[in-house]
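A.B. asks: generate a structure from the sequence data that follows.
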Amino acid sequence: MIGQAFFGTNTLPLWTPAKLTPEIWLDASDSTTITTASGGVNTWADKTANGNNFTQGSGTLNVHPTVTTAGLNGLNVINFSGTSFLLGTATHTRSLCQNVASFSTYIVSHVNVVSSGVGRLILWSLSAGTSPRASITLFSSQYLLQQDRLDSGTQANNGLSHVAGARITGAEHSFSTAQSTIWVDGTGNTSATGQGSGNSVNTISTEVELGGTASVGSQNIVGDVAEMVCISGLLSTTNRQILEGYFAYKWGLTANLPSGHPYKTVPPYA
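C.D. replies: Presented below is the predicted three-dimensional model:
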């Protein structure tokens, strides 16, 4: 049962991302957060009280992702077809990368292929599909973290190899220290951005796109997104590893975690 673990005769509650007070929490295993019409997903609702829902209001069904029942570890996932995507249109959603020192996104996904050799898992952008202020992108066999503190059009790139299969990916954007760190299954890589230190630009993002871009067929993924958590600021090592452990046990990905990870063999409890 999700949310509980059994130890002897006791039932211990599992830790959940609510402990981190996230800005966004999308969870495909929670069917109450997903609204469909004609087989396509119209709304994937935020589990926080912030109302940062992701939607697809187009009448064209091929841009709507779909629900895959029991798609990962017996739990439902959202499937993106290579033309489908969801948009975060709320003002709060689009302002999360506005005039901030740091911002983080953690996502569980299983990406098979990407269209045009580029696939956007999640993107905060100055304009539709371009000028990534903060993104996790699949490009040239890499998970690529991109960020641009000043929206100057030249983003910093920081990557780790994209290995086939379901993965836990984290993006930590530290605008104030001009650094970024990408994590894949608990293994990280930190890189300087070369953009100078300070808060991100003080303008709201025009688009927040999940699974692809608003240009149908351009930079879209073919695969599944299971869960996403977005945090203002950066997590401590302890909290990041707890989140990775939560994802790993929930979605059946403990084998992905490196040896020595504190939640390789035991789940995080509340």
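A.B. asks: count of residues packed around A49?
C.D. replies: 6 (other Cβ atoms under 10 Å). Every residue, glycine included, has its C-beta placed from N, CA and C.
A.B. asks: please tell me how far it sits from L235.
C.D. replies: Separation of A49 from L235 (Cβ to Cβ, to the nearest Å): 20 Å.
A.B. asks: equivalent analysis for C97, please.
C.D. replies: Counting by Cβ to Cβ - C97 and L235 are separated by 17 Å.
A.B. asks: who has more neighbours out of the two?
C.D. replies: Neighbour count, other Cβ under 10 Å: between C97 and L235, C97 has more, with 29 against 20.
A.B. asks: what sits against the more buried one?
C.D. replies: F103, W124, R133, A134, H173, S200, S205 (Cβ atoms under 8 Å, 6 or more residues apart in numbering).
A.B. asks: least confident pick among those?
C.D. replies: When the contacts of C97 are sorted by pLDDT, the bottom entry is R133 at 88.
A.B. asks: show me what the helix or strand that contains that one is packed against.
C.D. replies: R133 belongs to strand 130-139 when assigned by DSSP states H and E. Judged by 3 or more Cβ pairs under 8 Å, 6 or more residues apart in numbering; DSSP states H and E, strand 130-139 is in contact with strand 102-114, strand 118-127, strand 142-147, strand 167-174.
A.B. asks: JSON lines for these, including distance to A45 and mean neighbour count?
C.D. replies: Shown next, in JSON lines, are these (distance: least, Cβ to Cβ, whole Å; neighbours: other Cβ atoms under 10 Å):
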{"stretch": "strand 102-114", "distance to A45": "17", "mean neighbour count": "22"}
{"stretch": "strand 118-127", "distance to A45": "16", "mean neighbour count": "24"}
{"stretch": "strand 142-147", "distance to A45": "26", "mean neighbour count": "24"}
{"stretch": "strand 167-174", "distance to A45": "22", "mean neighbour count": "24"}
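A.B. asks: mind putting those into TSV with distance to H64?
C.D. replies: What follows is these, written out as TSV (distance: least, Cβ to Cβ, whole Å):
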stretch	distance to H64
strand 102-114	18
strand 118-127	17
strand 142-147	25
strand 167-174	24
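A.B. asks: and these: which comes nearest S191?
C.D. replies: strand 142-147 (8.2 Å; Cβ to Cβ).
A.B. asks: the next helix or strand after the closest one packs against which elements?
C.D. replies: Where DSSP H and E defines the elements, the next helix or strand beyond strand 142-147 is strand 156-161. Applying 3+ Cβ pairs under 8 Å, 6+ apart, we find strand 156-161 packed against strand 142-147, strand 179-184, strand 187-192.
A.B. asks: now do the second one: distance to the chain's middle.
C.D. replies: Taking Cα atoms, centre = their mean, to the nearest Å, one finds the center of strand 179-184 at 13 Å from the center of the full chain.
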